[in-house]
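*Asks:* Kindly generate the corresponding structure for this input.
(one chain, ligands or ions: 1)
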Amino acid sequence: MIVSKWLVCQLVLFTTLSHAFTDYLLKKCAQSGFCHRNRVYSENIALSRNSYYKLDAASVVHDPLQNVLHATIIKTIPRLEGDDIAVEFPFSLSFLQDHSVRFIIDEKERTSVNDSGLLVSPQRYKETWLHAFDEKFRGEVSKTNFSESHFLEQPRTGNSLWSKLTSFLSLSNSTSDAIRLQNGCVSLEVLTEPFQLKIYWRNTLKLIVNEQNFLNIEHYRSKEENFAHVLPEETAFNMFKDDFKYSKDDTLPLGPESIALDFSFIGSTNVYGIPEHATSLRLMDTSQREPYRLFNVDVFEYNIGTTQPMYGSIPFMFSSSSTSVFWVNAADTWVDIRYDSQQNKTMTHWISENGVLDVVVSLGEDIPTIIDRFTDLTGRPFLPPMSSIGYHQCRWNYNDEMDVLTVDSQMDAHEIPYDFIWLDLEYTNDKKFFTWKPNSFPDPKRLLAKLNKLGRNLVVLIDPHLKEDYEVSDIVINENVAVKDHNGDDYIGRCWPGNSIWIDTMSKHGQKIWKSFFESFMDLPSNLSNLFIWNDMNEPSIFDGPETTAPKDLIHQNNVEERSLHNLYGLSVHEATHDAVKSIYSASDKRPFLLTRAFFAGSQRTAATWTGDNVANWDYLKISIPMVLSNNVAGMPFIGADIAGFVGDPSPELVARWYQAGLWYPFFRAHAHIDTKRREPYLFNEPLKSIVRDAIQLRYFLLPTLYTMFYKSSTTGFPIMNPMFVEHPELSELYDIDNQFYWGNSGLLVKPVTEPNQSETEMIFPPGIFYEFSSLDSFVNDGINLMKRNISAPLDKIPLFIEGGHIITMKNKYRRSSKLMKNDPYVLVVAPDANGVAVGELYVDDGETFGYQKGEYVRTQFILEGGHILKNLPDHIPDNLADIHNDTLRNTSIEKIIVAKNTSQHNVTLNDTVTVKQDGRERSLSTKLSREDDNRIIIMNPMLDITEKWELTF
Ligand code: NOJ
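*Replies:* Okay, the predicted model is just below:
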């Protein structure tokens, strides 16, 4: 017994270790100069309770034109001999959008040190927001776009400028050392000594900035003078050098320049966001572990449950009390989190290597509003082409044209729908991007044309590293748009092709050159627009670089160090790619589909992403769900994980369960490492093949619902894979549930099985009626708390329910691709709540062009009232509906309405006639009600169209 336990442990250990990222390549906080310095500083400050930062009240100026408050923050460094050193940091604060506050803290003087010979600009990088914010907030206009704000009280030491403001601002007479401001429901106090901000929503305190006095800005100083500039609570660890084994060549030309600040979320002990990490949805307390790190790196076979950085970074965090912090900084960043349940608050400490402190705090009534605000500011997720939310078949690699076409035809032969087939690295000629391997892909246009027949698409990989010495990299060098090393020479590092250079897409000229490569590469006949791009390795991944990525002292255009913009580089690559593809397809007005591995806040505007190089075992299946959920609540919903694990060969059971889970990922792609056995779904033996086919087909049947959710997300940022607490914030037990979730606001509730040998699983249900998806068997939770139930889950079954109160739209015919479903009629599944009420939305457009931006779409609401009146209320019908009907939306009729029957609530006698009111007339349907079982009534061929207003009584 003991021996076998020991054996099991060893096996588990072995499996874990045999697939583990080489941890030691990445710094721990204690090995990162600035992280360590700030953690030590915060520990010492917590003991000494000192504060070195104050806002100079006399410096406060309000710029009424721009509605910005300006002031100076002063850091005082006490010196035993001689005068204290005072360093000035310009501070500005404004109300942004309706319910957000933005403040920026810069450093005034950064030229006092002898700069001769410096290749990088000594100024702090302050342009991250120009990449992260949506275009509409980038121009001058945005500054005046702030809502009206009022300075309610003046600081005690008001100056003359301040008194001038009194004429047009409503100032109270009270004397206080706080400046109080209000804008709608948001009010805030700026405390001067020590500097602190208190931010309120409807007069309830939600966030305190610098409550713990962890504000720290390592100002500019020379190496010689350094010790005079170090605060008593600070350590000088690695201020001018880097001891870490893999990055000790970092020249750190500007010395210490980190910034740090603490934020206390009041009234909540649950925080979410800051992807990408392979951890739980509710972020972990880091008092006893490494801080969460945001630093885009290549983490092959990444470790699970750690706060290690991954491929993408979104520095956005929110609390369950609907308050968010967006830390607009793209440098290496670490975040400590400490939950304090006694005081019901969460303390967070944010540390970045350099740049300015640029922070947007948003407040609101609920979490969807907070995500809405964030995606208003950073841009809405793009509305993907319908085909791209179907199934993607990928592998490293499909070897040649014949291989691709065989997969293509086999999928059809086995009735497995798919829309995209992918070509990984090996399609290139000798790993030179923008080329095709001549013998394997002699005629790419021919291949594209064949795929196009069924509306299918091809994706090819294009990475930002370019092999040294070929025409494309020569152009990059000649045009002077390669990223430079710290000496100003073109940087050469190692990646797939061996020695490579990297395109500098942070530069406008670099973007132009990059675009020109796509123009030649994608020079297709006008009837072909089915070639799309995958930007991989764009963290960037550099095999001989420190921490698997770029040396921080590389130089981009305008003498900006990689250190300042590292987390933006991937975004700049995929945005440049997106713009290129969009303009190439402008004739057909096709929406591009693009996949990126690295991302930042704002990436959602143009690209989908995935969770990178996972492993074919149960742990990675399980962790994929919180990972996908985390991105969904951070404004970037179009994400999935490689099915059924990138590295290694999955067991048949794992394959089945992974497809059953993966069909709910917004991005649904199978992918496999080059060393794995082939695993296209038609290769599986029964019953696995049917299980996988059923999962993929279910995804296709649900495409109308999914596309409607993508539409909702593209207008409000609403999550597609949606945590339960977002739908039911009143149930605090849901705050850490991340193994079951809703699909958007559709009412579909899923708990994928993520463990082996399960025949049932325990699910939790909020109050309400729940209908099992396929049988429509229902049960009621009529309490006010969560209910637990064991749900049967044999291998061919997905634990899936419709929550009463929702109407789902489907198309229920198998077709080979989404394009071929275009003309299929709709099926409505109506799931009434206890009052016989249900609602559902449907959004329909042509699924491929930007026509919807000109209003070419249909949007409607279905409403069930009293259990037997179903209304269709279209609220958007295009003016040119007839043309669109003829052209792209050929069929918008309903072929079947299924009403789930909850026996206790819903008394419908069969053989009742069904009447329809439409255009002021009433008609009886020739179809009678029918039923397959006691659980549902079915109305066949009701001759109704979603583009018309009607009311159906049954
Ligand atoms: C790394 C990516 O994460 C993986 O998906 C891809 O197959 C390989 N690069 C090869 O291109």
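
*Asks:* For the closest residue to F599 other than its chain neighbours, grab the count of nearby residues.
*Replies:* What sits nearest to F599 in space, not counting adjacent residues and going by CB to CB, 6 or more residues apart in numbering, is G312, at 3.7 Å. Glycine gets a C-beta too; all of them are placed from N, C-alpha and C. Neighbourhood size, G312 [other CB atoms under 10 Å]: 31.

*Asks:* how about G312, what does it touch?
*Replies:* Shown in contact with G312 (CB atoms under 8 Å, 6 or more residues apart in numbering): 275-276, 296, 570, 597-600, 603, 609, 631, 636.

*Asks:* Quickly note the distance from the residue positioned nearest the centre of the chain to the ligand.
*Replies:* By CA atoms, centre = their mean, the mean C-alpha position of the chain lies nearest to M636, the distance being 2.3 Å. Distance of M636 to the ligand, given as CB to the nearest ligand atom, to the nearest Å: 17 Å.

*Asks:* Also I367?
*Replies:* In terms of CB to the nearest ligand atom, I367 sits 31 Å off from the ligand.

*Asks:* Now the residue of the stretch 751-900 of the chain found nearest the ligand: closest residue in space that isn't a chain neighbour?
*Replies:* Per CB to the nearest ligand atom, T754 is where the stretch 751-900 of the chain lies closest to the ligand, at 21.5 Å. Distances taken as CB to CB, 6+ apart place K622 nearest to T754, at 4.0 Å, with adjacent residues excluded.

*Asks:* L425 now?
*Replies:* In space, L425 is closest to L461, 5.5 Å off (CB to CB, 6+ apart).

*Asks:* where does L776 land in three-state SS?
*Replies:* coil (DSSP: H, G, I helix; E, B strand; the rest coil).

*Asks:* what's near enough to touch it?
*Replies:* 831, 898, 900-901, 933, 935-936.

*Asks:* I'd like the distance between it and P551.
*Replies:* Relative to P551, L776 is positioned 59 Å away (CB to CB, to the nearest Å).

*Asks:* circling back to that earlier point, now list the buried members of the contacts of L776.
*Replies:* 831, 898, 900-901, 935-936 (16 or more other CB atoms under 10 Å).

*Asks:* Out of the residues you listed, name the two that are farthest from one another.
*Replies:* A831 and N935 (10.8 Å; CB to CB).

*Asks:* which neighbours do these two share?
*Replies:* In terms of CB under 8 Å, 6+ apart, A831 and N935 are both contacted by the residues 771, 776, 900.

*Asks:* so how far is the host helix or strand of the first one from its chain's centroid?
*Replies:* So that's Y771. Element membership for Y771, per DSSP states H and E: strand 768-772. Centre-to-centre, strand 768-772 and its host chain are 30 Å apart (CA atoms, centre = their mean, to the nearest Å).

*Asks:* outside of that strand, which residues touch it?
*Replies:* With CB under 8 Å, 6+ apart as the test, strand 768-772 has contacts from 749, 777-781, 800-805, 831-834, 900, 902, 905, 935.

*Asks:* Could you find the closest non-adjacent residue to T346?
*Replies:* T346's closest residue in space is F265 (CB to CB, 6+ apart), at 4.4 Å.

*Asks:* from what I can see the residue nearest to L425 touches W534, true?
*Replies:* Yes. L461 lies in contact with W534 (CB atoms under 8 Å); the separation is 4.8 Å.

*Asks:* you'd agree N210 is up against I199?
*Replies:* No. Here N210 lies out of contact with I199, judged by CB under 8 Å, at a distance of 11.6 Å.

*Asks:* Now do the same contact list for N745.
*Replies:* With contact set as CB under 8 Å, 6+ apart, N745 has these partners: 709, 712, 718, 722, 727.

*Asks:* Quick check: of the residues you listed, which lies closest to S409?
*Replies:* For those, the nearest to S409 is M709 (31.7 Å; CB to CB).

*Asks:* From the ligand, how far out is the closest one?
*Replies:* Going from M709 to the ligand by CB to the nearest ligand atom gives 26 Å.

*Asks:* ok now do the residue in the stretch 401-550 of the chain positioned nearest to the ligand, which residues does it touch?
*Replies:* The ligand sits closest to L425 of the stretch 401-550 of the chain, with a gap of 3.9 Å, by CB to the nearest ligand atom. Residues in contact with L425 (CB under 8 Å, 6+ apart) are 396-397, 431, 461, 496, 536.

*Asks:* Tell me which other helices or strands the one helix or strand L466 maps to touches.
*Replies:* Assessed by DSSP H and E, L466 sits inside strand 465-467. Of the remaining helices and strands, those touching strand 465-467 by 3 or more CB pairs under 8 Å, 6 or more residues apart in numbering; DSSP states H and E are helix 471-478, strand 498-502.

*Asks:* and of those, who's closest to Y53?
*Replies:* Y53 sits nearest to strand 498-502 of all the helices and strands packed on strand 465-467, at 38.3 Å, using CB to CB.

*Asks:* residue boundaries of the strands in the stretch 801-950 of the chain?
*Replies:* 806-810, 826-831, 838-844, 858-865, 869-876, 893-900, 915-918, 921-924, 929-930, 936-945, 950-953 (DSSP state E, counting those that start in this stretch).

*Asks:* Now mean pLDDT too, for these, in TSV please.
*Replies:* Shown next, in TSV, are these (pLDDT from 0 to 100):
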stretch	mean pLDDT
strand 806-810	98
strand 826-831	98
strand 838-844	98
strand 858-865	97
strand 869-876	97
strand 893-900	95
strand 915-918	94
strand 921-924	91
strand 929-930	64
strand 936-945	90
strand 950-953	95
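
*Asks:* In CSV: the ones you listed, plus distance to the ligand.
*Replies:* What follows is the strands of the stretch 801-950 of the chain, written out as CSV (distance: least, CB to the nearest ligand atom, whole Å):
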stretch, distance to the ligand
strand 806-810, 32
strand 826-831, 36
strand 838-844, 31
strand 858-865, 36
strand 869-876, 39
strand 893-900, 40
strand 915-918, 52
strand 921-924, 56
strand 929-930, 49
strand 936-945, 43
strand 950-953, 48
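
*Asks:* so which of these comes closest to L65?
*Replies:* Between L65 and those, the tightest spacing by CB to CB is seen for strand 869-876, at 38.0 Å.

*Asks:* so what are the domain limits for the chain?
*Replies:* 23-378, 389-462+508-539+572-717, 757-953 (automatic domain parsing).

*Asks:* circling back to that earlier point, direction included, what does the strand holding L466 pair up with?
*Replies:* Strand 465-467 sits in its sheet next to strand 498-502 (antiparallel), going by DSSP bridges.

*Asks:* picking that back up, mind checking which of the contacts of N745 are in strands?
*Replies:* The members of the contacts of N745 that map onto strands under DSSP state E are N722.

*Asks:* Who wins on neighbours among the contacts of N745?
*Replies:* The most crowded member of the contacts of N745, judged by other CB under 10 Å, is M709 (26 neighbours).

*Asks:* which non-adjacent residue is nearest that one?
*Replies:* Excluding its sequence neighbours, the residue lying closest to M709 (CB to CB, 6+ apart) is G744, at 3.5 Å.
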